[in-house]
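# need the 3D shape of this:
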Amino acid sequence: MTTETSPLILWFRRDLRLDDHPMLAEAAKTGRPLIPVFIADRSVTGIGAAARWRMGEAVESFGKRLADKGSRLVLRKGAALPVLLELLEQTGAGGVWWTRLYDPFSRERDTEIKDVLKQKGFEARSFAGHTLIEPWEISTQAGDPYKVYTPYFKSLDAMGVPKPCDPPKRLAAPSEWPGSEDLSAWKLGAGMLRGAPILARHAVVGEEAAQKRLKRFLDGVVVDYREDRDFPGKDAVSGLSENLTYGEIGPRRIWHEAMPHTGKGGVHFRKELAWRDFAHHLMFHFPDIAEENWRREWDDFTWREDSEDAERWRRAMTGEPFVDAGLREMFVTGTMHNRVRMVVASYLTKHLTTHWKIGLDWFADCLTDWDPASNAMGWQWVAGSGPDAAPYFRVFNPETQADKFDKSEVYRKTFIAELSRNPGEKALAYFEAVPLSWGLDPKQRYPDRMIALDKGRENALSAYERLKKG
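Here you go, the predicted model:
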């Protein structure tokens, strides 16, 4: 049981870093032997193919990071509670510490684990670190959760974000390490089939790489971030969503490193970081957001379910170059430019009047920067059914969006081979990555439009009018 000298099990999940890590910093101060553990439970094995592959890369990188500190990462697979109880028995550890997560599965699992461990006399502690502030630390003047982003950001900015903590200088090791499983045996990348080598060309993995990414962004790109961030053909964004997803960099570190950049670019960058926090704030207070319409009146909307049209959308063969470029970018790189995400989502939910969950599930399977809260809020925001939603009559026109944000066609030609005489590596990589069963060939003719854009808009607005009339 717990003593001042008994080892501590540090259960890592989406916090695979040493810097800006409240749980790890506090544990290192105790001087007790520390046993870092990563468990492949359903929260790992049950996520989408691209995110699962990328998680494996993150775990491998973090294991090396710990080894450089004279520690190691113990790997176990199975339901978290029995795995932790077994480790406690094997190591004589006095407790388990972890960083909090806010999705419904993690909260239910962690609550049960904390209750069981305490009943058995073990120490069980959870820490902040996944977000800028805890979801319950911020509320309206009436004491309610925020439902609109702008006042949320103003309140967050006014109250201030806790400063990040430095990485520990030393991690005390136990006298004997418990056994560890082989990461490769987990086959976390199996669901990617032939797509994994393609994603590997674009993934920026690990804590050191994430810190370099932040430095490069703040040393130059951030100045024009507000003006350039909507142009997918420009090198204008940080790319840190991928690293935040696995906790390879801490959000508080990013926030405070960006604070000296007081121009429009730096302020807007912090607003985007706070948007991620807002998503987790909503998921904590409204846990059904990933499964149900946040605005319940949308339960009566006449969404189309899965169809041949949705399949053409998934395969990036809609005949709308801006839409298809985004979907192909996601399949090749594991990410998608934020402006394009909105257009891609609007096209599915509005021009094709297809349920937002169809898109949410596809993004969850294909994104390496998949985040359950951000994905859910983003899809519902665009669809019109969510908090702080874009009004349903705001239908993103892929053609005018492309003319405005990709006038030179750099982005579209980067990812659509059929539009170029000599397509580049990224455009051709799409055909290397997709399932052979799709039968796609870069030499084939680019498809015609699925639906006239004015007709799609008309259909969407007509459906919305029917909803309003009840």
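# and the longest helix for the chain?
The residue-count maximum for a helix in the chain (DSSP state H) belongs to helix 264-285.
# now that one, how far from the centre of its chain.
In terms of Cα atoms, centre = their mean, to the nearest Å, the centre of helix 264-285 is found 13 Å from the chain centre.
# quick one: the spatially closest residue to Ala79 that is not a sequence neighbour from Gly78, how far?
Leaving aside its sequence neighbours, Ala79 sits nearest to Asp41 (Cβ to Cβ, 6 or more residues apart in numbering; 5.6 Å). Where C-beta positions appear, they are placed from N, C-alpha and C, glycine not excepted. From Asp41 across to Gly78, the span is 7 Å (Cβ to Cβ, to the nearest Å).
# neighbour count winner among the two?
The residue with more neighbours, out of Asp41 and Gly78, is Asp41; 19 against 15, by other Cβ atoms under 10 Å.
# ok, the more buried one - contacts?
Residues in contact with Asp41 (Cβ atoms under 8 Å, 6 or more residues apart in numbering) are 77-80, 83, 109.
# do that again at 10 Å, thanks
13, 76-83, 105-106, 109 (Cβ atoms under 10 Å, 6 or more residues apart in numbering).
# for the stretch 151-300 of the chain, which segments count as helices?
With DSSP state H, counting those that start in this stretch as the criterion, the stretch 151-300 of the chain has helices at 183-186, 196-200, 207-219, 225-228, 241-245, 251-258, 264-285.
# out of these, which is closest to Leu66?
Shortest distance between Leu66 and these, using Cβ to Cβ, is found for helix 207-219: 10.5 Å.
# against which helices or strands is that closest one packed?
Judged by 3 or more Cβ pairs under 10 Å, 6 or more residues apart in numbering; DSSP states H and E, helix 207-219 is in contact with helix 49-68, helix 241-245, helix 251-258, helix 264-285.
# buried set for stretch 96-114?
Neighbour counts over stretch 96-114 (16 or more other Cβ atoms under 10 Å) mark 96-104, 106, 109-110, 113-114 as buried.
# nearest to Asn375, of the residues you listed?
For the buried residues of stretch 96-114, the closest approach to Asn375 (Cβ to Cβ) belongs to Asp103, at 10.5 Å.
# can you count the residues close to the nearest residue to that closest one once chain neighbours are set aside?
Leaving out its chain neighbours, the residue that sits closest to Asp103 by Cβ to Cβ, 6+ apart is Pro372, at 4.6 Å. Using other Cβ under 10 Å, Pro372 has 24 other residues around it.
# and if you look at Tyr246?
Neighbourhood size, Tyr246 [other Cβ under 10 Å]: 27.
# ok, now which ones touch it?
Under the criterion of Cβ under 10 Å, 6+ apart, the neighbours of Tyr246 are 13-17, 51, 54-55, 57-59, 61-62, 205-207, 210, 368-369, 371.
# now stretch 354-370, how far from the centre of its chain.
On the basis of Cα atoms, centre = their mean, stretch 354-370 sits 11 Å off its chain's mean C-alpha point.
# how about the CA coordinates for it, as PDB?
The C-alpha trace of stretch 354-370 is given here as PDB (Å, rounded to 0.1, in the frame of the first residue of the first chain):
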ATOM      1  CA  THR A 354     -26.000  13.800 -45.500                       C
ATOM      2  CA  HIS A 355     -25.900  13.300 -41.700                       C
ATOM      3  CA  TRP A 356     -22.900  14.900 -40.000                       C
ATOM      4  CA  LYS A 357     -22.100  11.600 -38.300                       C
ATOM      5  CA  ILE A 358     -21.200  10.000 -41.600                       C
ATOM      6  CA  GLY A 359     -18.500  12.700 -42.000                       C
ATOM      7  CA  LEU A 360     -17.500  12.600 -38.300                       C
ATOM      8  CA  ASP A 361     -16.800   8.900 -38.600                       C
ATOM      9  CA  TRP A 362     -14.800   9.200 -41.800                       C
ATOM     10  CA  PHE A 363     -12.600  11.900 -40.300                       C
ATOM     11  CA  ALA A 364     -12.200   9.800 -37.100                       C
ATOM     12  CA  ASP A 365     -10.800   7.000 -39.300                       C
ATOM     13  CA  CYS A 366      -8.500   9.100 -41.500                       C
ATOM     14  CA  LEU A 367      -7.100  11.900 -39.300                       C
ATOM     15  CA  THR A 368      -3.900  11.600 -37.400                       C
ATOM     16  CA  ASP A 369      -4.800  14.700 -35.500                       C
ATOM     17  CA  TRP A 370      -8.200  13.300 -34.600                       C
END
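# now do the top strand by length along the chain and helix 49-68, the angle between them.
With DSSP state E applied, the strand covering the greatest number of residues in the chain is identified as strand 34-40. Counting by axes from the mean of the first three to the mean of the last three Cα atoms, to 10 degrees, strand 34-40 lies at 160 degrees to helix 49-68.
# which strands and helices lie in contact with strand 34-40?
strand 8-12, helix 22-30, helix 49-68, strand 74-77, helix 80-91, strand 95-99, helix 183-186.
# make JSON lines out of those and add mean pLDDT and distance to Pro423.
JSON lines is the format used below for the helices and strands packed on strand 34-40 (pLDDT from 0 to 100; distance: least, Cβ to Cβ, whole Å):
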{"stretch": "strand 8-12", "mean pLDDT": "98", "distance to Pro423": "41"}
{"stretch": "helix 22-30", "mean pLDDT": "97", "distance to Pro423": "46"}
{"stretch": "helix 49-68", "mean pLDDT": "98", "distance to Pro423": "23"}
{"stretch": "strand 74-77", "mean pLDDT": "98", "distance to Pro423": "41"}
{"stretch": "helix 80-91", "mean pLDDT": "98", "distance to Pro423": "46"}
{"stretch": "strand 95-99", "mean pLDDT": "98", "distance to Pro423": "43"}
{"stretch": "helix 183-186", "mean pLDDT": "98", "distance to Pro423": "34"}
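# could I get those as TSV with distance to Gly384?
Below are those laid out as TSV (distance: least, Cβ to Cβ, whole Å):
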stretch	distance to Gly384
strand 8-12	38
helix 22-30	38
helix 49-68	26
strand 74-77	41
helix 80-91	37
strand 95-99	34
helix 183-186	40
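# can you give me the domain assignment for this protein?
Listed domain ranges for the chain are 1-129, 131-163+205-285, 289-468 (source: automatic domain parsing).
# and those: which comes nearest Leu188?
domain 1-129 (3.5 Å).
# and of the helices and strands packed on helix 207-219, who's closest to Ala200?
When these are compared by Cβ to Cβ, helix 49-68 sits nearest Ala200, at 7.8 Å.
# least confident secondary structure element in the chain?
Here the helix or strand of the chain ranked lowest by mean pLDDT, DSSP states H and E is helix 453-468, holding a mean of 90.
# how about that one: buried residues?
Per 16+ other Cβ under 10 Å, helix 453-468 contains these buried residues: 453, 456-457, 460, 463-464, 467.
# one more: stretch 110-129?
Residues of stretch 110-129 classed as buried: 110, 113-114, 117, 122-124, 126-127, 129 (neighbour count, 16+ other Cβ under 10 Å).
# can you give me the end-to-end distance of that stretch?
Terminal residues of stretch 110-129 lie 15 Å apart, using Cα to Cα, to the nearest Å.
# repeat for stretch 435-451
For stretch 435-451, the first-to-last residue distance is 25 Å (Cα to Cα).
# before we move on, the earlier item: reformat the helices and strands packed on helix 207-219 as CSV; add mean neighbour count.
Formatted as CSV, the helices and strands packed on helix 207-219 follow (neighbours: other Cβ atoms under 10 Å):
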stretch, mean neighbour count
helix 49-68, 21
helix 241-245, 23
helix 251-258, 21
helix 264-285, 21
